[in-house]
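In: Take this sequence and fold it.
(one chain, ligands or ions: 1)
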Amino acid sequence: MKIKQLLALGVVALTVFSLNAAQATNDEIKNRIKPVGNVHIAGAVAATAAAAGPKSGKDIYNSACAACHAAGVLGAPKTQDAADWKPRLDEKGFDTVWQNAVKGINAMPPMGTCGTCTEDDIKSAIEYMVEGVE
Ligand code: HEC
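Out: Coordinates of the predicted model:
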């Protein structure tokens, strides 16, 4: 009888111990993830801050516009392709083409989906895209 009681106590103790161990593991994992998450967020903020500095038209183009404009995806005028750009520029003029890029036109998303771009950034990117066209 005493041995059985002792065994039962042992089982309870083991169960409690393993529950605690599982709890500790969860907390441990949370703690392990936390610093990594913080570092990651800090890194992203640093990258955004760096990206918010002065950017060249080419940089903006490469990060936000090339995906569509390099190959002419969805009918996008191809970068530095006179046949694609000249008719647009002749017909509408640079400022209208620029404003269309800011507001979006047909399959061209507003600001080319560049959330960190200013209207002047868009202008620089377009200037890069039409370089040598005229
Ligand atoms: C999702 C694809 C996509 C992205 C990304 C994109 N464009 Fe476009 N863009 C288009 C398409 C498609 C058109 C053609 C729209 C039309 O005239 O029907 C276009 C047209 C334009 C035009 C001509 C507008 C006009 O009035 O003729 C300009 C300027 C332009 N894009 C600038 C940009 C700039 C600058 C970026 C990056 C900041 C950018 N685009 C990113 C798809 C894209």
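In: roughly how far apart are residue 102 and residue 121?
Out: Residue 102 sits at a distance of 10 Å from residue 121 (criterion: C-beta to C-beta, to the nearest Å). Using the backbone N, CA and C atoms, a C-beta is placed for each residue, glycine as well.
In: Over to residue 66?
Out: Where residue 121 is concerned, residue 66 sits at a distance of 14 Å (C-beta to C-beta).
In: quick one, which of these two is more surrounded?
Out: residue 121 (21 against 17; other C-beta atoms under 10 Å).
In: who's in contact with the more buried one?
Out: When contacts are counted by C-beta atoms under 8 Å, 6 or more residues apart in numbering, residue 121 touches 55, 60, 114.
In: Now intersect these with the helices, please.
Out: Counted as lying in helices by DSSP state H, out of these, are residue 60.
In: Highest neighbour count among the contacts of residue 121?
Out: residue 60 (25 neighbours).
In: Could you tell me which residues of the protein lie near the ligand?
Out: Listed as neighbours of the ligand in the chain under the rule C-beta under 6 Å from any ligand atom: 60, 64-65, 67-69, 73-77, 88, 92, 97, 100-101, 105-109, 112-114, 117, 122, 125-126.
In: one more time with 5 Å, if that's ok
Out: Residues of the chain lying near the ligand by C-beta under 5 Å from any ligand atom: 64-65, 68, 74-76, 88, 97, 100-101, 105-108, 112, 114, 122, 125-126.
In: of the residues you listed, buried ones?
Out: 64-65, 68, 76, 88, 97, 100-101, 108, 112, 114, 122, 125-126 (16 or more other C-beta atoms under 10 Å).
In: care to break the chain down by domain?
Out: Split into domains by automatic domain parsing, the chain comes to 1-53, 57-129.
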